[in-house]
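>>> with the sequence up front, the predicted model follows.
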Amino acid sequence: MNLVRITTSALLAAATTACIGLSSASTTIDDNNYRVITFKDCKKVHEGTLNNEQIAAYQQLKREQEKLESLELPLSDMEEQVTAYSQQIEAITNKAVVEDENHLRINKSLLKEQDKLTKQLDELIASHDADFKALDEQAKHMEKAATLFDEAMKPMMEQGETTHLQILAPGETEKSGCFYTI
């Protein structure tokens, strides 16, 4: 189902960036104060400042994430409706087809009701086609921004070892735990 593919793509992109620990500080503050803390096995191994390329990549990734999140909002209500339709369709299916050792009974009026609900579900999904396309397109932008961010941050990482990053905006204090993995 196209819904599953797009939603999965969007969720993967969102999950990748959600772990960054995006700051809530304003982006108008002096960019030279952005800091990065690297962790290995969730233990702090280094703290430094971001260069201009890294700051730009981080800010672009943050902007793309915010756009993605705003595009997901209209689909939240639709997801609830899809779940409700799916549950209704499944319940009708269970009632419409009854089988025992000797007989198979099909209730055609329930199958018609099921068909009606299926068409309503298809119409609901089709009515959000533009939302899915916009979300899919934004997920592509997010993926590009994440790739640029990964590339910009690699020099700060230990070669060949799993390391975690925590990015702190100007004035932001260190948080406990590990965040973004490269």
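Structure's in. What do you need?
>>> going forward, measure contacts between C-alpha atoms and count neighbours the same way
Will do.
>>> surely residue 41 meets residue 165?
No. In this structure residue 41 lies outside contact range of residue 165 using C-alpha atoms under 8 Å: 11.2 Å.
>>> who has more neighbours, these two?
Set side by side, residue 41 and residue 165 show more neighbours around residue 165, with 26 against 12, by other C-alpha atoms under 10 Å.
>>> quickly find the element holding that one.
Here residue 165 is covered by strand 164-168, with elements defined by DSSP states H and E.
>>> in its sheet, what does that strand sit against?
Each strand paired with strand 164-168, and its direction, by DSSP bridges: strand 35-40 (antiparallel), strand 180-181 (antiparallel).
>>> distance between that strand and the chain's centre?
Its chain's C-alpha centre and that of strand 164-168 lie 19 Å apart, by C-alpha atoms, centre = their mean, to the nearest Å.
>>> only C-alpha atoms, please: export it in PDB.
Output of strand 164-168 as PDB, limited to C-alpha atoms (Å, rounded to 0.1, in the frame of the first residue of the first chain):
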ATOM      1  CA  HIS A 164      27.300   9.500  19.300                       C
ATOM      2  CA  LEU A 165      26.800  13.200  18.900                       C
ATOM      3  CA  GLN A 166      24.900  15.800  20.900                       C
ATOM      4  CA  ILE A 167      24.600  19.200  19.300                       C
ATOM      5  CA  LEU A 168      24.000  22.200  21.500                       C
END
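>>> all strands for the chain, in order.
For the chain, the strands defined by DSSP state E cover 35-40, 43-49, 97-99, 104-106, 164-168, 180-181.
>>> dump those strands into JSON lines; add distance to residue 89 and mean pLDDT as well.
Shown next, in JSON lines, are the strands of the chain (distance: least, C-alpha to C-alpha, whole Å; pLDDT from 0 to 100):
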{"stretch": "strand 35-40", "distance to residue 89": "49", "mean pLDDT": "84"}
{"stretch": "strand 43-49", "distance to residue 89": "51", "mean pLDDT": "84"}
{"stretch": "strand 97-99", "distance to residue 89": "12", "mean pLDDT": "90"}
{"stretch": "strand 104-106", "distance to residue 89": "15", "mean pLDDT": "92"}
{"stretch": "strand 164-168", "distance to residue 89": "45", "mean pLDDT": "85"}
{"stretch": "strand 180-181", "distance to residue 89": "41", "mean pLDDT": "55"}
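>>> show me the one of the ones you listed that comes nearest residue 147.
Nearest to residue 147 among these is strand 180-181 (12.7 Å), distances taken as C-alpha to C-alpha.
>>> in this structure, where is pLDDT below threshold?
Counting by pLDDT under 70, the ranges of the chain that qualify are 1-32, 157-162, 177-182.
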